[in-house]
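Asker: One predicted model, sequence on top.
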Amino acid sequence: MTFLVTGATGTVGRHVVAELLRRGAPVRALTRDPAAADLPRTVEVVRGDLTDPASLAASGALDGVTGLHLITFGGAALAPLETGPDLVALARAAGVRRLTVLHGGGPTPVEEAVRASGLPWTVAMPVEFMANTLEWAEPVRRGDEVREPFPDRLSALVHEADIGAVVAAALTEDGHAGHEYLLTGPQALTLRERVEAIAAARGRAVRLVELDPGEATARWRAEGLPEETIAFLLDVYGDTPAEGRTVTDTVERVTGRPARTFAEWAREHAAAFRPHREDTA
């Protein structure tokens, strides 16, 4: 009853691993660099690269695996994986009985292969990750401010640990096959409310500086974002789709406990937003 987690060192993958361990399940983690994995000692870490399915066969990554969690992006450039059919074929040949996949925001070869696999599958479809807020850590730590456009946009952002909990449930329990789970937190919050939560958690005020779309575009270009990404951000932030700002009860229905709040997330990560000694020197 081994469970293989791909993307195990990522934002969500680490929580999938932790939740499987909490459930007492044997966990194997796939990574391109086992030496840098920094996972619990009870996790079996194996080398493999989803862009090279043969590497999974060479390492025996799928040997004895009951459930497999897949991601849809990989490689050094984190591009959409084109190897979905090969990965699913390997899983089927190894006797894998359940598949989960983390939705990548649109159609991808891996998710399409999972859906067409003939194996029981579950798709986890999270909205914005609470962890994305860590992008504010440095400017908050150094300057006590957040500079963003569309400060009143709503997001039902979800705690990454709740995503991991839903994936682990789908891998280890009956009743989840064929489900697409839209995962949100328990509240739809504006950027203003998120900034207030960060300030409360770290015990120090944070200013929110509103950028107009032109200023935001200039900043993103300076950061090297592609034009298509900038256009996407302006569209999504300026007119957030309903599914991104509408709260669901999926986390509670699947896991049996309420979804974690953003205030909880902010308290867990408060240290990332507090000034370091070198920031104030």
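Answerer: Cool, the structure landed. Numbering: from 1, shown residues only.
Asker: Could you check how far stretch 85-100 is from the centre of its chain?
Answerer: 22 Å (C-alpha atoms, centre = their mean, to the nearest Å).
Asker: Summarise which helices and strands the helix or strand harbouring P85 is packed against.
Answerer: Remark: P85 resides in helix 84-94, with elements defined by DSSP states H and E. Identification of packing neighbours for helix 84-94 by 3 or more C-beta pairs under 8 Å, 6 or more residues apart in numbering; DSSP states H and E yields helix 53-59, strand 65-70, helix 109-115. Every residue, glycine included, has its C-beta placed from N, CA and C.
Asker: Recalculate using a threshold of 6 Å.
Answerer: Applying 3 or more C-beta pairs under 6 Å, 6 or more residues apart in numbering; DSSP states H and E, we find helix 84-94 packed against helix 53-59, helix 109-115.
Asker: What's the local residue count around the closest residue in space to F150 that isn't next to it in sequence?
Answerer: Leaving out its chain neighbours, the residue that sits closest to F150 by C-beta to C-beta, 6 or more residues apart in numbering is Y237, at 4.5 Å. Burial of Y237 is recorded as 18 neighbouring residues (other C-beta atoms under 10 Å).
Asker: Got phi/psi on E44?
Answerer: E44 adopts backbone torsions of phi -80, psi 120, taken as degrees, to the nearest 10.
Asker: what's the answer for D239, then?
Answerer: phi -150, psi 80.
Asker: gap between it and P213?
Answerer: 12 Å (C-beta to C-beta, to the nearest Å).
Asker: So which of the helices and strands packed on helix 84-94 is the most surrounded?
Answerer: helix 109-115 (a mean of 21; mean count of other C-beta atoms under 10 Å).
Asker: The helix or strand just after that helix pairs with which strands?
Answerer: On the C-terminal side of helix 109-115, the nearest following helix or strand under DSSP H and E is strand 121-126. If you go by DSSP bridges, strand 121-126 pairs up with strand 98-102 (parallel), strand 179-183 (parallel).
Asker: nearest to M130, of those strands?
Answerer: strand 179-183 (11.4 Å; C-beta to C-beta).
Asker: buried sites along that closest one?
Answerer: Neighbour counts over strand 179-183 (16 or more other C-beta atoms under 10 Å) mark H179, Y181, L182, L183 as buried.
Asker: One more: stretch 129-143?
Answerer: F129, M130, A131, T133, W136, P139, V140, R141.
Asker: who's in contact with that stretch?
Answerer: For stretch 129-143, contacts defined as C-beta atoms under 6 Å, 6 or more residues apart in numbering pick out 11, 145-146, 157, 159-160, 206, 262, 265, 272-273, 275, 279.
Asker: And stretch 106-121, by the same measure?
Answerer: So stretch 106-121 is contacted by L70, T72, P80, L81, E82, G84, P85, V88, R98, L99, V101, A177 (C-beta under 6 Å, 6+ apart).
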